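K.L.:
Give me the fold of what follows.
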Amino acid sequence: MAQVPKLLDLCMASIADELLQGEGNDDFLSVIYELPPELFDGLLPQLPPLALQKLQEKLPTNFMDSREHAYDDTSDCRKRRRCDILDTAWRALYKARWPSFDQQKKTVAWFDRNKEKYDIINDWQQKYWEAHLQDCIDAIAETALLPSYDGSIGEIQIPDSIMEQIGCKDYLIKLSLDSLKFSRHCQQFGVYVRRLRLPNALCSAETCELLQNSKLGSLELQWIKSNDHVEGLCKLLNQSTGTLKSIELIHCKLSPDFINAISDSLHKTGLQVHGVEHFSIKRSSFLQADSSPIPTGLASFLTSGRSLQSLTLCDCHLGRNFARGIFNSLLDASSSLSKLDLSENSVSGFLSQYRWRPSSCSFNKSLQSIRVLNLRSCNLEQDDAESLKHALNCIPILESLDLSDNPIEDGVGSLAAYFTEISGRDVPSTDLKLENCEASCNQMVELLGVLSTLNKPLHVLSIKGNMLGSKIGAPLGKFLCTGISSLDVEDIGLGSSGFLQAAKEISEELKIAYINISNNQGAVGAAKFIASLVKHANEIVAIDAKYNLMPMESLSVISSGLKDSKGRLKHLDLAGNTFCHQITDADSVSAELQIHGQSALNVLLSAAPHVLYDNDP
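P.N.:
Have a look, this model is predicted:
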């Protein structure tokens, strides 16, 4: 039998209907504002977005003051409480429409010390309508990108599915054509937009008109390839110079003329400076030969960017001369750049001048502010590592260095020499990534020894993908005792004996919070290492131990270790191990491990997918 709706719920539904359909209903709104606080507060969570927007838009300026008699706390607390109730309603609407938001936050790595990069949202109403307008842009772009479409962007209608999301599901047939147009949504909600993602078809003068009330702080531009695209983009950039802080270009083809035009449009009126803080070009190409100097516009942009904090040129088909030109421009820059990312470009040799002129840092000030340097997959070799050693002396406060996917081989020794030089200095703790660098065991043992002598221990070290063998086990165990927070040693060939040697070296309390030991053929040795680790690491939060050929008896070893642990472990990934194919009841095994660990422990025990072997060369 269907539950009979409450009279109060029916009244609130009727109010929502009137707010959605009524025009010029100021008298009705005035009645709503006079509701007792408990009824008004109970109404807000029942309203769809468009109704809540109408209610809040015409909220009297003295609305807070008129409610002073309703509460016994101070005036500031009353006002804050009212704002919190409205914000909570918008927050609920946002998460109901975009539930993946919480999932994105949960994917932050266990050891990521930069969690603060996920902005704290103080205005959920602004966040809601900004995301809504982005959905509208993504939807109308499908029409605007059609070669056959030559009409106005603002005239394109918003799909019914989006209109339903804001509360118009039962009223679509009654809506006027104007209310369905993209231009109407820009007019209504453009004022809430701070960041946008635009494809090339929407980089136009008309878009500038539609977004003239927006205070854009961040822009992501995609597929910019023609003069028309650049012309529209420059108008939008020029319109937003007062507020724009972040620009990202993706999948673009940029000629020197395009770069020069973009740079000119960013300069503040009458000044040869700009206020951009973050500039990024990814998966794009510069339409010029590597032997040519970098575009004057790009050089001007770098040297005039007093506010520039991060520069990313990732996967842009850069050569050594272009990359060298970027570095030379930064030498003349007045900014305090904190992040430089040149990853996924073939730039071997671009730092050679530092090898032969190590004193070059004496005239360099801009590089001294860099905290993050990403040179992943740059085709760097052993000689480049030697050049980098000298360049790093010009970067005294470096906190993160990524040299992964570069065949530097014995160049790891040059890094060891660099860390030896700074071992006595008061430098920040560093994140160091040397994944898939073809490093030898001897060189890595030397590096681990040097890193153990630093005044401040490394925060993160990743050496995954280097075939180091079981001999690295004992040095690795000793290194764990230096206070490192995160260690990734996936697929380095430890084997069971390597894990056992590492476990023998662990005899004191560890600071490790995350470790990845997957794909090391560890067998029972890996299980004993895990047991020893959880006993000595009170701060351990996550362990990845996938695909280690651990047999069934490993479970009892791990269970015993968890029993003696402090119970802070939240994530234990044992997927793809031999015992996963033999377990008949994975839930009961997980429950047993949770009892010995803690109830919040997430244990993964899925078997490896069955893939047919293909010996066809």
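
K.L.:
pretty sure Asn406 contacts Asn374?
P.N.:
No - counting by CB atoms under 8 Å, Asn406 does not reach Asn374; the two are 11.4 Å apart. Heads up, the C-betas are built off the backbone N, CA and C, glycines and all.

K.L.:
Of the two, give the one with the bigger neighbour count.
P.N.:
Asn406 (26 against 20; other CB atoms under 10 Å).

K.L.:
nearest residue to the more buried one other than its sequence neighbours?
P.N.:
Nearest residue to Asn406, sequence neighbours excluded (CB to CB, 6 or more residues apart in numbering): Leu380, at 4.0 Å.

K.L.:
contacting residues around that neighbour?
P.N.:
347-348, 388, 403, 406-408, 411 (CB atoms under 8 Å, 6 or more residues apart in numbering).

K.L.:
How about Leu133?
P.N.:
185-186, 189-190, 192-193, 196.

K.L.:
Please apply the same query to Asp264.
P.N.:
234, 297.

K.L.:
Which residue ranges make up the domains of this protein?
P.N.:
If you go by automatic domain parsing, the domain ranges for the chain are 7-97, 467-611+613-617.

K.L.:
Least reliable of the ones you listed by average pLDDT, please.
P.N.:
Lowest mean pLDDT of the domains of the chain: domain 7-97, a mean of 75.

K.L.:
Would you agree Cys168 is in contact with Leu50?
P.N.:
Yes - applying CB under 8 Å as the test, Cys168 and Leu50 come out as touching, 6.7 Å apart.

K.L.:
Common neighbours of these two, please.
P.N.:
Leu20.

K.L.:
who touches Leu351 in this structure?
P.N.:
324, 327, 384, 387-388, 390-391.

K.L.:
Farthest-apart pair in those, please.
P.N.:
Arg324 and His390 (14.5 Å; CB to CB).

K.L.:
I'd like the domains of the chain as TSV, with mean neighbour count and distance to Ala261 appended.
P.N.:
As requested, the domains of the chain are exported to TSV (neighbours: other CB atoms under 10 Å; distance: least, CB to CB, whole Å):
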stretch	mean neighbour count	distance to Ala261
domain 7-97	14	37
domain 467-611+613-617	19	43
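
K.L.:
between those domains, which one is nearest to Lys339?
P.N.:
domain 467-611+613-617 (19.5 Å).

K.L.:
What is the distance between that closest one and the centre of its chain?
P.N.:
Relative to its parent chain, domain 467-611+613-617 has a centroid offset of 27 Å by CA atoms, centre = their mean, to the nearest Å.

K.L.:
just stretch 306-323 next, same as before
P.N.:
19 Å.

K.L.:
in that stretch, what's buried?
P.N.:
308-316, 318-323 (16 or more other CB atoms under 10 Å).

K.L.:
And for stretch 446-454?
P.N.:
Buried, per 16+ other CB under 10 Å, within stretch 446-454: 446-448, 450-452, 454.

K.L.:
which residue ranges form the helices in the stretch 151-300 of the chain?
P.N.:
All helices of the stretch 151-300 of the chain, identified by DSSP state H, counting those that start in this stretch, fall at 160-163, 177-180, 182-189, 205-210, 227-239, 256-266, 296-303.

K.L.:
Arrange these in JSON lines, one row each, with distance to Lys127 and mean pLDDT as further columns.
P.N.:
Conversion of those to JSON lines gives the following (distance: least, CB to CB, whole Å; pLDDT from 0 to 100):
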{"stretch": "helix 160-163", "distance to Lys127": "17", "mean pLDDT": "93"}
{"stretch": "helix 177-180", "distance to Lys127": "23", "mean pLDDT": "85"}
{"stretch": "helix 182-189", "distance to Lys127": "12", "mean pLDDT": "96"}
{"stretch": "helix 205-210", "distance to Lys127": "20", "mean pLDDT": "95"}
{"stretch": "helix 227-239", "distance to Lys127": "22", "mean pLDDT": "94"}
{"stretch": "helix 256-266", "distance to Lys127": "26", "mean pLDDT": "93"}
{"stretch": "helix 296-303", "distance to Lys127": "30", "mean pLDDT": "90"}
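
K.L.:
Export those as a markdown table, with columns for distance to Ser280.
P.N.:
Formatted as a markdown table, the helices of the stretch 151-300 of the chain follow (distance: least, CB to CB, whole Å):
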| stretch | distance to Ser280 |
| --- | --- |
| helix 160-163 | 29 |
| helix 177-180 | 35 |
| helix 182-189 | 26 |
| helix 205-210 | 21 |
| helix 227-239 | 14 |
| helix 256-266 | 13 |
| helix 296-303 | 13 |
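
K.L.:
And those helices: which comes nearest Asn520?
P.N.:
helix 296-303 (43.5 Å).

K.L.:
which of the residues in the closest one are buried?
P.N.:
Result for helix 296-303 [16+ other CB under 10 Å]: buried residues 297-303.

K.L.:
can you pull the alpha-carbon coordinates of stretch 278-292 into CSV?
P.N.:
Provided in CSV are the C-alpha atoms of stretch 278-292 (Å, rounded to 0.1, in the frame of the first residue of the first chain):
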residue,chain,number,x,y,z
HIS,A,278,49.5,29.0,-14.4
PHE,A,279,50.2,28.5,-18.1
SER,A,280,50.0,25.0,-19.7
ILE,A,281,50.3,23.6,-23.2
LYS,A,282,49.7,19.8,-23.4
ARG,A,283,49.5,17.3,-26.3
SER,A,284,50.0,20.1,-28.8
SER,A,285,52.7,21.1,-31.3
PHE,A,286,54.6,24.3,-32.2
LEU,A,287,54.6,24.7,-36.0
GLN,A,288,58.3,25.5,-36.4
ALA,A,289,61.6,23.8,-36.7
ASP,A,290,63.6,23.0,-33.6
SER,A,291,66.5,25.1,-34.9
SER,A,292,64.3,28.2,-34.9
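
K.L.:
contacts for that stretch?
P.N.:
Against stretch 278-292 from outside (CB under 8 Å, 6+ apart): 218, 245-256, 259, 295, 301, 305, 308-322, 341.

K.L.:
switch the cut-off to 7 Å
P.N.:
245-256, 308-317, 319, 321-322 (CB atoms under 7 Å, 6 or more residues apart in numbering).

K.L.:
Pull out the buried positions in it.
P.N.:
278-282, 284, 286, 290.

K.L.:
pLDDT averaged over it - what is it?
P.N.:
91.

K.L.:
Over to stretch 308-324?
P.N.:
Mean per-residue pLDDT for stretch 308-324: 94.

K.L.:
thinking again about what came up before, per-residue confidence at the residue nearest to Asn406?
P.N.:
The per-residue confidence score, pLDDT, reads 96 for Leu380.

K.L.:
what does Ile422 give?
P.N.:
Per the predicted model, pLDDT is 88 at Ile422.

K.L.:
Leaving out chain neighbours, which residue sits closest to it?
P.N.:
In space, and not counting its chain neighbours, Ile422 is closest to Leu454: 7.7 Å by CB to CB, 6+ apart.

K.L.:
quick one: which of the helices of the stretch 151-300 of the chain is nearest Lys471?
P.N.:
Closest to Lys471 of the helices of the stretch 151-300 of the chain, according to CB to CB: helix 296-303, at 45.6 Å.

K.L.:
and the angle from the closest one to helix 256-266?
P.N.:
Angle, helix 296-303 to helix 256-266, by axes from the mean of the first three to the mean of the last three CA atoms, to 10 degrees: 40 degrees.

K.L.:
and helix 296-303, how far from the chain's centre?
P.N.:
Taking CA atoms, centre = their mean, one finds helix 296-303 lying 27 Å from the centre of the chain it belongs to.

K.L.:
coming back round to it: show me the buried residues of stretch 278-292 that map onto strands.
P.N.:
278-282, 286 (DSSP state E).

K.L.:
Regarding the residue nearest to Ile422, which helix or strand does it belong to?
P.N.:
Element membership of Leu454 [criterion: DSSP states H and E] is none; it lies in no helix or strand.

K.L.:
can you map out the strands along the stretch 351-500 of the chain?
P.N.:
Along the stretch 351-500 of the chain, counting by DSSP state E, counting those that start in this stretch, strands occupy 372-374, 400-402, 431-433, 460-462, 486-488.
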